[in-house]
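With the sequence up front, the predicted model follows.
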Amino acid sequence: MAGKSERMELMVAKWGNSLAVRLPAESAKRIGVGEGDTLLAEISPDGRLILEPENRAIGKADARRLREFVGKQKMTAPVVEDMRRGARY
């Protein structure tokens, strides 16, 4: 992601026997993660916590958006059939 980085103040809350940080929806959308996705956490030597989406070809949130997009597309004749009809030998 190119451009200016963004700093935000996040509150730590208790979640069962653990602690949790809530990621605002706009920030989750910006980094392409959704519910059920995995974030990788790194603690730097100076004590910084660095979170990044798990490295995969396509995230669950992206896959969901792609399925929604494809589902809204009109059915058309297959490209190969169109090419065969217009083929000139």
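Ah, there it is. If you're wondering where the values come from, they're calculated on a predicted model, not measured in any experiment.

Any stretches of the chain with poor pLDDT?
Scanning the chain with the threshold set as pLDDT under 70 gives 1-2, 55-59, 75, 88-89.

the helices in it, which residues?
Listed in chain order, the helices of the chain (DSSP state H) span 25-31, 60-71, 79-85.

Run the chain-centre distance for stretch 13-33.
14 Å (Cα atoms, centre = their mean, to the nearest Å).

Pull out the buried residues from it.
Neighbour-count burial for stretch 13-33, counted by 16 or more other Cβ atoms under 10 Å, picks out Leu23, Ala28, Val33. C-betas here are computed from N, CA, C, even on glycine.

Mind putting those into a markdown table with distance to Met83?
Written out in a markdown table, the entries for the buried residues of stretch 13-33 read as follows (distance: Cβ to Cβ, whole Å):
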| residue | distance to Met83 |
| --- | --- |
| Leu23 | 46 |
| Ala28 | 42 |
| Val33 | 39 |
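
now the strands: where do they sit in the protein?
12-15, 18-21, 39-43, 49-53 (DSSP state E).

Ok, which of those comes nearest Lys72?
Proximity to Lys72, assessed across the strands of the chain by Cβ to Cβ, is greatest for strand 49-53 (25.4 Å).

Helix 60-71 and that closest one, what's the angle between them?
30 degrees (axes from the mean of the first three to the mean of the last three Cα atoms, to 10 degrees).

got the angle between strand 49-53 and strand 39-43?
Relative orientation of strand 49-53 with respect to strand 39-43: 160 degrees, computed using the same axes, to 10 degrees.

Of the helices of the chain, give the one that comes closest to Ile43.
Judged by Cβ to Cβ, the one of the helices of the chain that comes nearest to Ile43 is helix 25-31, at 18.8 Å.

what comes into contact with the closest one?
With contact meaning Cβ atoms under 8 Å, 6 or more residues apart in numbering, helix 25-31 is reached by Met1, Glu6, Met8, Gly34, Glu52, Pro53, Ala61.

could you dump those residues to CSV with distance to Val70 and neighbour count?
Compiled in CSV, the contacts of helix 25-31 are given as follows (distance: Cβ to Cβ, whole Å; neighbours: other Cβ atoms under 10 Å):
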residue, distance to Val70, neighbour count
Met1, 25, 8
Glu6, 31, 9
Met8, 33, 8
Gly34, 17, 15
Glu52, 27, 11
Pro53, 22, 16
Ala61, 15, 18
